[in-house]
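Q: Here is a sequence with its predicted model. Questions after.
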Amino acid sequence: MTLLDPDRLFPSDPTQRKLSRELYNGIKSLPIISPHGHTDPRWFAENAPFPDPAQLFVTPDHYVFRMLFSQGIDLGALGVPRADGGQTETDGRKIWRLFAENYYLFRATPSRTWLDHAFQDVFGLNEPLSAKTADAYYDHIAACLTQDDFRPRALFERFGIEVIATTESPLDDLRWHKMIRESGWEGRVVTAYRPDNVVDPETDNFRNNIDAFGALTGCDITTWDGYLDAHRTRRAYFKSFGATSSDHGHATARTENLPTSEAAALYTKALAGSCTPSEAEAFRGQMLTEMARMSVEDGLVLQIHPGSYRNHSATILARHGRDKGFDIPMRTDYVTALKPMLDVVGTNPDVTIIVFTLDETSYSRELAPLAGVYPALRLGPPWWFFDSPEGMMRFREAATETAGFYNTVGFNDDTRAFCSIPARHDVARRVDSAFLAKQVATGRLREEEAHEVARDLTYNLVKKAYKF
Amino acid sequence: MTLLDPDRLFPSDPTQRKLSRELYNGIKSLPIISPHGHTDPRWFAENAPFPDPAQLFVTPDHYVFRMLFSQGIDLGALGVPRADGGQTETDGRKIWRLFAENYYLFRATPSRTWLDHAFQDVFGLNEPLSAKTADAYYDHIAACLTQDDFRPRALFERFGIEVIATTESPLDDLRWHKMIRESGWEGRVVTAYRPDNVVDPETDNFRNNIDAFGALTGCDITTWDGYLDAHRTRRAYFKSFGATSSDHGHATARTENLPTSEAAALYTKALAGSCTPSEAEAFRGQMLTEMARMSVEDGLVLQIHPGSYRNHSATILARHGRDKGFDIPMRTDYVTALKPMLDVVGTNPDVTIIVFTLDETSYSRELAPLAGVYPALRLGPPWWFFDSPEGMMRFREAATETAGFYNTVGFNDDTRAFCSIPARHDVARRVDSAFLAKQVATGRLREEEAHEVARDLTYNLVKKAYKF
Amino acid sequence: MTLLDPDRLFPSDPTQRKLSRELYNGIKSLPIISPHGHTDPRWFAENAPFPDPAQLFVTPDHYVFRMLFSQGIDLGALGVPRADGGQTETDGRKIWRLFAENYYLFRATPSRTWLDHAFQDVFGLNEPLSAKTADAYYDHIAACLTQDDFRPRALFERFGIEVIATTESPLDDLRWHKMIRESGWEGRVVTAYRPDNVVDPETDNFRNNIDAFGALTGCDITTWDGYLDAHRTRRAYFKSFGATSSDHGHATARTENLPTSEAAALYTKALAGSCTPSEAEAFRGQMLTEMARMSVEDGLVLQIHPGSYRNHSATILARHGRDKGFDIPMRTDYVTALKPMLDVVGTNPDVTIIVFTLDETSYSRELAPLAGVYPALRLGPPWWFFDSPEGMMRFREAATETAGFYNTVGFNDDTRAFCSIPARHDVARRVDSAFLAKQVATGRLREEEAHEVARDLTYNLVKKAYKF
């Protein structure tokens, strides 16, 4: 028995299946380029063993605990920390059993695919996880985790990762990245510049963050010019740790191109904590354009991830804090929102702006038409809830005819779940193979072209777009 | 010749077709649970023969007469009553002939599938309906309708209905439900609480309705507390006739959680007929939250059906009145709209709120992410225009990866067309079989899991969600 | 080697492929009806040879140059004129080489299909276009263009065009149409009435246009009544050159039905150049309703094409002017927008209003439900970015179940690229065959019905809807 069908995600039509398999065979072993994600650099710096199976697979994975919670399982019973520091489950085996009993809930979800992939390929398990096999799973994984072969660096190498980017705030001292560099280990782990906490006036402790930002950079953050200089300084520092991109998680895609005096006045209000919500949004929008201008100077790729209503449940925000699976996609406009920024840098082919969406209706209506004409614009891969077989296929079907393949940037895993990385890249490679197989089988693409595109989507486009 | 292909709606790929067939064979004979619909309880109370074929299939079916009207056929010629009581066609055979001549218009619509299913399975017809066969059809169906085997209770039993819910206003005396109960017939027909006409300040005769509501319940409807008590009283009465759910057909999904004083003030305005449109919407939104609170107390499942622009044509509203096929879906927001209510009851696993949509873009963007985390929330099946093979498949493809199967609630037929009930459930079973077959054929689900899920989607989930 | 797979765009499943082929064989040779497009009537009037290959395939085709521009190729290098009259590339061979080198960018786009179709079927080429074959292509096509068989009228006949509509402004003197008529050539080339430049108060030179409109018609355009009379007069003139339709490219679908005095007051403001943006939109909306009223009188079909944000890039608008590939689709509402007009003419079966969209979410949510009930309303085919295999299939899958086939109007090519016309119609015929094959293979339609529908979609519905 195996958990994984070797032909999974390939169409069952024999013509398309055969083509899919051939295309996939040409790319399945290519190195993993992971330009956007949230793994913890400390793992690679310290190379300590991962803790128990529940800490590896359940407690930190919002895909996993949100589904369990949706069926009435308390987050505390899964070990998710409480905001008030109150007691939650700490017995890994208990958490694991709860997870195993309810594993059927994940049927037909990408989490199921990623987990089964990790169970089989990383840990060599091949009986389905269930209440019956829960303890055997737990014991087996726990035993593996004590071995050197399952430490972060060993897995990094085994996964075939050529380069991985983590994400840090400008206030981060990048100590783990320093430690990795100084360790002499050859794995390539780079940072990315994620300045939300010094860009969004509505962040908790915004003023304190800005003060720390000033202290760290030696710039006079009481002025607009000094504040922009602080960004320039810190971007350069991040670049020295391999950063090739910045990343911006705003609620909307709004950009602004205000006269300097207006931008400076908004900044003054932001410092004073007196922005209205609309002014705060305008300030964030202005900062996207400022970041794009800095990209012209320093070459960092600009990534925009809008459209999530963060921390939707007041109850859970109070009980467990932020990022507990309650971020919900919203309708998102790009056409009017991006125009101010695009009027500044959009026709400059030396700038790269990668746009992501949680609103699939924008693929064919807005994003593909925009990326299909603006040289600075590229389409990020399907993101978050859409990092899934159906989501990827919808993206290719909706965006390719207008944007082509070459205005897209390959795959991002965007994950904190280390063991899911090879699984996620594998899903993307399989779905792209299936998409291309259909193109060939229906006479839209020649077979040799499909092989070339498959390699481009898997490897070349991501390296080029992210400047690795 | 037959009207129905035994493999209809199964993929033609042999692998998937075989799997679809096997999955379908395991569920095709399961009893029908119909938790949400609009059949007339009087049918089952009186058990009188249905009138002529046109009255059974054409005149009352908005799917049918709207399509005929769209091609220039006057509603009066189809027997649809006029608002002014003016003359419309009463000759069933004439109406039937008009319908038969234009039956080609229904090609590739779900109505065609439902009608052919009823013609063949209920009435034993097997030549296609057309101008040529119109009279033979009419004579045959009319003859059947005189037989006892074609009376409502006999059909109910023949259709394999385990339980069916009708929908009544709080002002309804439930006399037909009483008559069914007293008849000793064992068919299970329950009511559902649909209070729109005493909840929506913009309903015609709202104040009169509220007065009647007070008279019926003995509550002091001049006060907010008394009004809420009247709902509690009437919900209990409906429960005594088997109701397990309430149902709410608002224009938007807006909910509110106002302080009591503000809610009471809105109610006073509603009573006085002085709500602005925005206040009326706020009042309806507040009442959804109140109903959710009552659900915590009495266990009724809350169903929300938003997003229809009712009676779009002023011309037809004036000529033929409400509900004449001119209800048009609108863009619908759920993320901000449902938040006030979800902040009150959303994380309570003992409450069940079932949300429907007419805006398919919300499946993957809003509804699956919401239902995939809030324990109180479940996704209703594709509704109305999307109660169709393509609509069902889009729903499964868009919602399952994020919400899974177990945050959905099986199938609703939502119909007034009695003979279409087995056809509609059959379509749902076939499409779910096809969806699951694809999951198995592409290595995402094991075959034995698919069989279990098929039974859950058809039978177990609906019983559980609707508390039957 | 050939560029075109004879089975292209047919599903690879053998059952569906066989059915697709049979259905396609029944329609592939039907004459082309092209009721909506932007070919230049001068071609057919003068029948001069087309200029060089670059002028035929690259420089005027916004699909082509936008994709090349998106990858950093300057529009000037493709010969696209500058707004300031500055120098751009004039060497056709150089332009062609640049295009050929970058032809891989069009993989999986409809442009690739259209171009390969023209290369093979019109010019007899069968090696893929690339840097290597660029010169051979150029020489071969250039040589063909000198031959009589490749002049516009010869191609018109070879393409099997039964009738084609061009689009002219009311201010156009229709001289080329007159010249065609007087030439004795039997090709049927008709005009269409596109009054945007005398209807949209925000057009450049609106007042001058209106003055010219008055001069041309002899109507007193200083009054609302006179202005409407000018339209009536000019519509009649266009009808005398074969026009059967008017065409309206507004930013939104907004319609209005204002009292005459308000409409007249808006017109006065428009003449004075003092409309606010909102008043300008209201005026355009009022004019749609006025055009619909005139349709009742003169029978012209009303076409509405909303939803494009025109000339999105300020940079490109300044450098190269309008219509340079920077028109981006926007979210578009139809339900509330069309109601005022539909309340006036929507239930009149003698009027035909054809609605197009660039917002695919409106197919199933708004447009199919509206067209499925209003006798005056028909759905235009997938348009612009959605004139593509995936776009067409999404349209059929989303719209057919609610609107049926008979509330749609066949195919529009909407093109300026003459050689793409047979390719585009061929794609539509293939995709419709594939859609119908799936209907038959999944038991939803009988085979003989599918053949009839295929002919209706290709030929009968378009002739009927556009009154040819």
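A: Received the coordinates, thanks. Numbering: from 1, shown residues only, chains lettered A, B, ... in the order given.

Q: secondary structure class for the residue of chain A at minimum distance from chain C?
A: Closest contact between chain A and chain C, by Cβ to the nearest Cβ, is at A:Gly443 (2.8 Å). (C-beta placed from N, C-alpha, C; glycine too.) Per DSSP: H, G, I helix; E, B strand; the rest coil, the secondary structure class of A:Gly443 is coil.

Q: Quick check: closest non-adjacent residue to A:Thr315.
A: Counting by Cβ to Cβ, 6 or more residues apart in numbering or on different chains, B:Thr347 is the residue found nearest to A:Thr315 once chain neighbours are left out, at 4.9 Å.

Q: Return the residues in contact with that neighbour.
A: A:Ser313, A:Thr315, A:Ile316, B:Tyr374, B:Pro375, B:Ala376 (Cβ atoms under 8 Å, 6 or more residues apart in numbering or on different chains).

Q: how about it, secondary structure?
A: Local secondary structure at B:Thr347 is given as coil here, using three-state DSSP.

Q: Would you confirm that A:Pro201 contacts A:Cys275?
A: Yes: the pair formed by A:Pro201 and A:Cys275 meets the contact definition of Cβ atoms under 8 Å, at 4.6 Å.

Q: Strands of the stretch 1-150 of chain A, residue ranges please.
A: Listed in chain order, the strands of the stretch 1-150 of chain A (DSSP state E, counting those that start in this stretch) span residues A:32-34.

Q: Map the structural domains onto the sequence of chain A.
A: Taking automatic domain parsing as the criterion, chain A consists of the domains A:14-49+A:152-465, A:50-150.

Q: from the chain's centre, how far out does the longest one sit?
A: Put plainly, it is domain A:14-49+A:152-465. Going by Cα atoms, centre = their mean, to the nearest Å, the spacing between the C-alpha centre of domain A:14-49+A:152-465 and its chain's C-alpha centre is 7 Å.

Q: Assess the claim that A:Arg188 and A:Glu162 are in contact.
A: Yes: applying Cβ under 8 Å, one finds A:Arg188 in contact with A:Glu162, separated by 6.6 Å.

Q: circling back: can you tell me which of the contacts of B:Thr347 is closest to C:His38?
A: Here the nearest of the contacts of B:Thr347 to C:His38, counting by Cβ to Cβ, is B:Tyr374; it sits at 50.6 Å.

Q: What pLDDT is listed against that closest one?
A: Per-residue confidence (pLDDT) for B:Tyr374: 98.

Q: Spit out the contact partners of the nearest residue to it once chain neighbours are set aside.
A: Distance criterion Cβ to Cβ, 6+ apart; nearest residue to B:Tyr374, sequence neighbours excluded, is B:Gly346 at 4.4 Å. Listed by Cβ under 8 Å, 6+ apart, the contact set of B:Gly346 reads A:Ser313, A:Thr315, B:Leu338, B:Ile353, B:Tyr374, B:Pro375, B:Ala376, B:Leu377.

Q: can you rerun that using 10 Å?
A: Residues counted as contacts of B:Gly346 (Cβ atoms under 10 Å, 6 or more residues apart in numbering or on different chains) are A:312-316, A:326, B:292, B:338-340, B:353, B:370, B:373-377.

Q: before we move on, what about A:Leu338?
A: So, once contact is read as Cβ under 10 Å, 6+ apart, A:Leu338 ends up touching A:253-255, A:285, A:288-289, A:304, A:306, A:346, A:353, A:355, A:366-367, A:370, A:374, A:377, C:312, C:328.

Q: Narrow those to those in helices?
A: Assignment to helices by DSSP state H places the following of these there: A:Gly285, A:Leu288, A:Thr289, A:Leu370.

Q: So among these, which ones count as buried?
A: For the ones in helices among the contacts of A:Leu338, a neighbour count by 16 or more other Cβ atoms under 10 Å in any protein chain shown gives the buried set as A:Gly285, A:Leu288, A:Thr289, A:Leu370.

Q: do you know how far the third one is from B:Thr289?
A: It stands for A:Thr289. A:Thr289 sits 41 Å away from B:Thr289, taking Cβ to Cβ, to the nearest Å as the criterion.

Q: Selection in PyMOL covering whichever of the contacts of B:Gly346 are buried, please.
A: This is the PyMOL syntax for the buried subset of those, where burial follows 16+ other Cβ under 10 Å:
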select buried, (chain A and resi 312+313+314+315+316+326) or (chain B and resi 292+338+339+340+353+370+373+374+375+376+377)
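
Q: and the residue of the stretch 51-200 of chain A nearest chain B?
A: A:Gly72 (3.4 Å).

Q: Quick one: the helices in the stretch 351-468 of chain A, in order.
A: In the stretch 351-468 of chain A, the helices defined using DSSP state H, counting those that start in this stretch lie at A:361-362, A:368-371, A:389-403, A:420-441, A:447-455, A:461-465.

Q: Over to the stretch 151-300 of chain A?
A: Counting by DSSP H, counting those that start in this stretch, the stretch 151-300 of chain A forms helices over residues A:152-158, A:175-183, A:196-199, A:206-217, A:224-239, A:260-272, A:277-298, given from the N-terminal end onward.

Q: So for chain A, the centremost residue is which one?
A: Among the residues of chain A, A:Asp414 comes closest to the average C-alpha position under Cα atoms, centre = their mean, at 2.0 Å.
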